[in-house]
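In: could you work out the structure for the sequence below:
(2 chains)
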Amino acid sequence: MTGILSVEHIVKTFSNGAKFKAIDDISFDVNFDEFICIIGPSGCGKSTLLRIIAGLETADSGKVLFHGQPTSGPSPKITMVFQTFGLLPWKTAAENVELPMEVAGIDKKEARQRASRYLRLVGLGGFENTYPSDLSGGMRQRVGVARALAIGPEVLLLDEPFSALDELTAKSLRVLLLKIWGDPSIPTNNFVMVTHNVEEAVTMADRIIVLAPRPGRVVGEVKVPLPRPRFEHLRDPLFFQTVDQLLSMLSSNMEEM
Amino acid sequence: MRGMLVLPTLLLVIVATYVVGVYYVGQSAIASVPLFSIISIGRVTAVYFISLAVGLAFGILAATSETAEHILVPLFDIGQSVPILGYFPVVLTFLIVIFPGGVGNQVGALFLLFTAMEWDIFFGVVGAVKAIPASVEEAAKGYGFSGTNYLRYVVLPAVLPALLSSSILAWNDGWTFDAAAEFVTFANSAGQQIQYTVTGLGYFITSAANSGNLAASWFGVLVMGEVIFFSNQLIWHTLQTRVAKHKPVLANVIREDFQSPLGLRRRFRRLFGFRLRQAQQSVRLSLQISTKALALFFVVTLAIIGVVIYANLPIGAAKGLASALTAKGGQVYNVPLYSLFTVGRLLIAYSTCVAISLVCAVLAVTKKNFNRYFYPIYDLGRSVPYLAVFLPMFVTFQGLMPVAIAQEMASLILLFLAMVWYLLFNVVTAARNLPNELLEVSTIFGVTGRKRVTDIILPAVLPAFITGSLLAWGGGWNVVIYSEYVQLQGHAAPYVLPGLGYLLDNAASVLGDIPLVIFFLFIMSGIVILLERVVWRRLLRRVERFGVEFN
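Out: Numbers count the residues shown, from 1 in each chain, chains lettered A, B, ... in the order given. Below you'll find the model as predicted:
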């Protein structure tokens, strides 16, 4: 055990009619203050893996260790940002952010203050009382990020958080996320992000875990050699080399494409 | 597979029903049931096809022409809001004058069924035509579809699924009102009571209960329930599975081949089996013909509906007000209090429906196998012809408890049955379609137990709940008239519950004062429309923005 989070020999089989092995013996560690990306084509079980870490799904065998202790079910120490935001349309931006804190028993006034602090952090100061239907996609995902962070988790899971957004919006959210990750005043410094976008993974991650489908398994791991801040190195030959390396790992494990 | 199972079951049920009938009711008493059933099936089927033709013609017209929409939609909307049973005496009086010798009764029954079935189909068609994706419309226009060809190859296939759902509603509504349509009592202008009847299953049920043969009446209800249940299973369910299979084909063909016009063209040709060039040549002509035919049909039907309902109403109401204020009536002073009674009755039934629906919504989300039990029960429950049930139910209760309580209870059960399915279906379907992501959000942030119900499930079903409530109240108002006034044969005085429905029935059945009937009808429709506009539509608009996006 080297880090904050360890995934050990996870196996998961789904059976709707025919049995289908979604994840076959996946293991990896997340070190302290690390930004991990999990990439792979659709059907490689990357979202399922994330849900097992979050405690939303249970593995058939294997375990997830958090600070060396096996997890059981969801915990406020590990939260998640969802692909299509998962905001409650009948709650304002602030109410959406407050809800997890309310459930965790945090004082209402304190929750309200924290909600508006985190909304300001994600650039939504002044939108506290706006309903999600009046926010753009990018703004909605900012609320999603604020909600996941406000409760003060140690690990933030991100399930393809930018795939429902246009490229320009996604870009600005990537900048924001990296800024938050590197901010020492925010307690959440361990990020695990699932994506199928190779360039995105290389831009964001310290380490990239590559999965292959049918059954979902780890086929490689790449430590991104680029210095940070990454946005100054996106034209660097090293960037493209890393992208190519990942692409060839992905394509050598795709049977029919 | 399902069809193969249904047919033997149907045979078995017919035999079992026959045995039950002979054993409990007696062979001679049920001898007329097969023929009466066939007559009622024929009547409902005929009216269904009339409603279909009218609904399609006007629906397509309203959805494609803005002028027509501005005229037709409010017209049909008002028609929908006027309680059917209320204007039946008015319509019958009118029809009997035009068609003497029993024909008026027949036409009257058809007309009542028509007004029970039409609205669903019309609004279903309007919605479906408007929902045709712009890309499909453009693709079709781009390849030269217009006029009849556009109707035949684009509009009709596109509205088919909606047409089917609304047909199911209409079909069930038709059967619900069958009992009321086949047996009507009201007084002529001299105050003599006259029964207007046409033979059929609804007539059988009502007249049996009327003459005290409870067993026969319940037997009729059983047969009617079976007819409804099996027609739903055999016809509508089968059609629905077929259409569901058919629908994505059109959508896929157009989406997939959009980049290669050649492929699209070939596929279009193969799919529809006709030659494009010929179609293009005949387009202009057929467009003109179909538009003219539609317009003619439109004008004629509009004239009939207008004369029967709309022209009559204001004149009648004005006369009715005069008569209500004077001599026979004096009854106008009862209107506020009696309206409250009726609303109260509806409110009690509605509250029960609300409680049940919300519990079911929570169960639908939290219990995995809830749906397995819910939908069969829904299917069965929807098959209960509640108007037909009312009279035998009342007579049965009457033997068990004081008559006033019996009538009040029967009335509440009738209202409950008329209201509950709309609400249940809407709310449970919304709960079932709650996006998985929202449930995951609530799990991951620890929103469980009561908080999950109040913060996630209930707000998520709120828009469906309000839509369901709007429909439920419409359904309730439609039948409340039936329960507040019961005249049994051999009893001098009718059994009444204080309420607006009683006032209306009294005006029709005792006073025989058609203008007064129209006056009360006017008030009742006013309350219905007011409640819908002021309460439900406003609420719906307010929660619209909170609707979850279902993927």
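
In: just for the stretch 1-150 of chain A, where's the confidence low?
Out: A:1-2 (pLDDT under 70).

In: helices of that one, start to end?
Out: Taking DSSP state H, counting those that start in this stretch to define them, one finds helices in the stretch 1-150 of chain A at A:46-54, A:93-103, A:108-121, A:137-150.

In: the third one packs against which elements?
Out: The elements that helix A:108-121 packs onto, with contact taken as 3 or more C-beta pairs under 8 Å, 6 or more residues apart in numbering or on different chains; DSSP states H and E, are helix A:93-103, helix A:137-150. Using the backbone N, CA and C atoms, a C-beta is placed for each residue, glycine as well.

In: nearest to chain B, of those helices?
Out: Among the helices and strands packed on helix A:108-121, the nearest to chain B by C-beta to the nearest C-beta is helix A:93-103 (3.7 Å).

In: can you give me the strands in the chain?
Out: Because you didn't say which chain, this covers chain A. A:5-16, A:18-30, A:35-39, A:61-66, A:69-70, A:78-81, A:155-159, A:190-195, A:207-212, A:217-223 (DSSP state E).

In: sorry, should have said chain B
Out: With DSSP E as the criterion, chain B has strands spanning B:183-187, B:193-197, B:485-486, B:495-496.

In: just those strands: most buried one?
Out: Comparing these by mean neighbour count (mean count of other C-beta atoms under 10 Å in any protein chain shown), strand B:485-486 comes out on top with a mean of 24.

In: could you dump the helices and strands packed on helix A:108-121 into a markdown table with distance to chain B and mean neighbour count added?
Out: Shown next, in a markdown table, are the helices and strands packed on helix A:108-121 (distance: least, C-beta to the nearest C-beta, whole Å; neighbours: other C-beta atoms under 10 Å in any protein chain shown):
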| stretch | distance to chain B | mean neighbour count |
| --- | --- | --- |
| helix A:93-103 | 4 | 24 |
| helix A:137-150 | 8 | 24 |
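
In: distance to A:Gly40 for these - can I get that in CSV?
Out: Below are those laid out as CSV (distance: least, C-beta to C-beta, whole Å):
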stretch, distance to A:Gly40
helix A:93-103, 29
helix A:137-150, 22
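
In: closest to B:Gly124 out of those?
Out: Closest approach to B:Gly124 among those is made by helix A:137-150 (32.7 Å; C-beta to C-beta).

In: now for that closest one, which elements pack on it?
Out: Packing partners of helix A:137-150 (3+ C-beta pairs under 8 Å, 6+ apart): strand A:78-81, helix A:93-103, helix A:108-121, helix A:167-182.

In: for chain B, which of the strands of chain A is the nearest?
Out: Of the strands of chain A, nearest to chain B by C-beta to the nearest C-beta is strand A:78-81, at 5.4 Å.

In: residues from chain B in reach of chain A?
Out: Residues of chain B found near chain A (C-beta under 8 Å from any C-beta of the partner chain) are B:435, B:437-438, B:440-441, B:443-447, B:451, B:455-456, B:459-460, B:462, B:543, B:545-549, B:551.

In: how close does the closest residue to A:Asn190 other than its chain neighbours sit to A:Leu119?
Out: Setting aside the residues directly before and after it, A:Asn190 is nearest to A:Val155 in space (C-beta to C-beta, 6 or more residues apart in numbering or on different chains), at 4.6 Å. Noted for A:Val155: a distance of 22 Å to A:Leu119, by C-beta to C-beta, to the nearest Å.

In: on that earlier part again, now mean pLDDT and distance to A:Thr13 too, for the strands of chain B, in TSV please.
Out: Output for the strands of chain B, formatted as TSV (pLDDT from 0 to 100; distance: least, C-beta to C-beta, whole Å):
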stretch	mean pLDDT	distance to A:Thr13
strand B:183-187	75	62
strand B:193-197	77	66
strand B:485-486	85	63
strand B:495-496	86	65
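
In: out of these, which is closest to B:Gly55?
Out: Among the strands of chain B, the nearest to B:Gly55 by C-beta to C-beta is strand B:183-187 (25.0 Å).

In: domain-wise, how is chain A divided?
Out: Chain A resolves into domains spanning A:5-77+A:155-252, A:89-152 when parsed by automatic domain parsing.

In: most neighbours per residue, which of those domains?
Out: Here the criterion is mean neighbour count by mean count of other C-beta under 10 Å, and of these the winner is domain A:89-152, at a mean of 20.

In: for that domain, how far is the first residue from the last?
Out: In terms of C-alpha to C-alpha, to the nearest Å, the two terminal residues of domain A:89-152 are separated by 23 Å.

In: residue closest to the middle of chain B?
Out: In chain B, the residue lying closest to the centroid (C-alpha atoms, centre = their mean) is B:Asp173, at 3.9 Å.

In: out of the strands of chain A, which is closest to B:Thr238?
Out: Here strand A:5-16 is closest among those (C-beta to C-beta), at 25.6 Å.

In: just want the angle from the closest one to strand A:155-159.
Out: 40 degrees (axes from the mean of the first three to the mean of the last three C-alpha atoms, to 10 degrees).

In: report all helices and strands that strand A:5-16 contacts.
Out: With contacts taken as 3+ C-beta pairs under 8 Å, 6+ apart, strand A:5-16 sits against strand A:18-30, helix A:46-54, strand A:61-66.

In: adding distance to B:Leu5, write the ones you listed out as JSON lines.
Out: Shown next, in JSON lines, are the helices and strands packed on strand A:5-16 (distance: least, C-beta to C-beta, whole Å):
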{"stretch": "strand A:18-30", "distance to B:Leu5": "25"}
{"stretch": "helix A:46-54", "distance to B:Leu5": "37"}
{"stretch": "strand A:61-66", "distance to B:Leu5": "41"}
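
In: would CSV of the ones you listed with distance to chain B be doable?
Out: Shown next, in CSV, are the helices and strands packed on strand A:5-16 (distance: least, C-beta to the nearest C-beta, whole Å):
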stretch, distance to chain B
strand A:18-30, 16
helix A:46-54, 6
strand A:61-66, 14
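
In: nearest to B:Leu340 among the ones you listed would be which one?
Out: Per C-beta to C-beta, nearest to B:Leu340 of these: helix A:46-54, 54.1 Å.

In: next one: the closest one to chain centre, how far?
Out: 10 Å (C-alpha atoms, centre = their mean, to the nearest Å).

In: got the contact list for it?
Out: Helix A:46-54 is contacted from outside by A:5, A:7, A:10, A:12, A:22-23, A:26, A:38-40, A:57-59, A:64, A:71, A:74, A:78-80, A:155, A:157, A:159-160, A:192, A:194, A:196, A:211, A:216, B:440, B:444, using C-beta atoms under 8 Å, 6 or more residues apart in numbering or on different chains.

In: next one: stretch B:483-502
Out: With C-beta under 8 Å, 6+ apart, stretch B:483-502 has contacts from B:185, B:193, B:209-212, B:335, B:337-339, B:341-342, B:345, B:390-391, B:394-395, B:403-404, B:407-408, B:410-411, B:414-415, B:480-482, B:505-506, B:509-510, B:520, B:523-524, B:527.

In: just checking, which of the residues you listed belong to helices?
Out: Applying DSSP state H to the contacts of stretch B:483-502, the entries found in helices are B:209-210, B:335, B:337-339, B:341-342, B:345, B:390-391, B:394-395, B:403-404, B:407-408, B:410-411, B:414-415, B:480-482, B:505-506, B:520, B:523-524, B:527.

In: and these, which of them are buried?
Out: Neighbour counting with 16 or more other C-beta atoms under 10 Å in any protein chain shown marks B:209-210, B:335, B:338-339, B:341-342, B:345, B:390-391, B:394-395, B:407-408, B:410-411, B:414-415, B:480-482, B:505-506, B:520, B:523-524, B:527 as buried within those.

In: show me what the most centrally placed residue in chain A is bridged to.
Out: Note on chain A: the residue nearest the mean C-alpha position is A:Leu158, at 1.7 Å, using C-alpha atoms, centre = their mean. Per DSSP bridges, residues listed as beta-bridge partners of A:Leu158: A:Val81, A:Met193.

In: now do the contacts for the residue lying closest to A:Glu110 once chain neighbours are set aside.
Out: Once flanking residues are discounted, A:Glu110 sits nearest to A:Met101: 7.7 Å by C-beta to C-beta, 6+ apart. By C-beta under 8 Å, 6+ apart, the contact set of A:Met101 is A:Glu110, A:Ala111, A:Arg114, A:Ala115, A:Ala150, A:Ile151.
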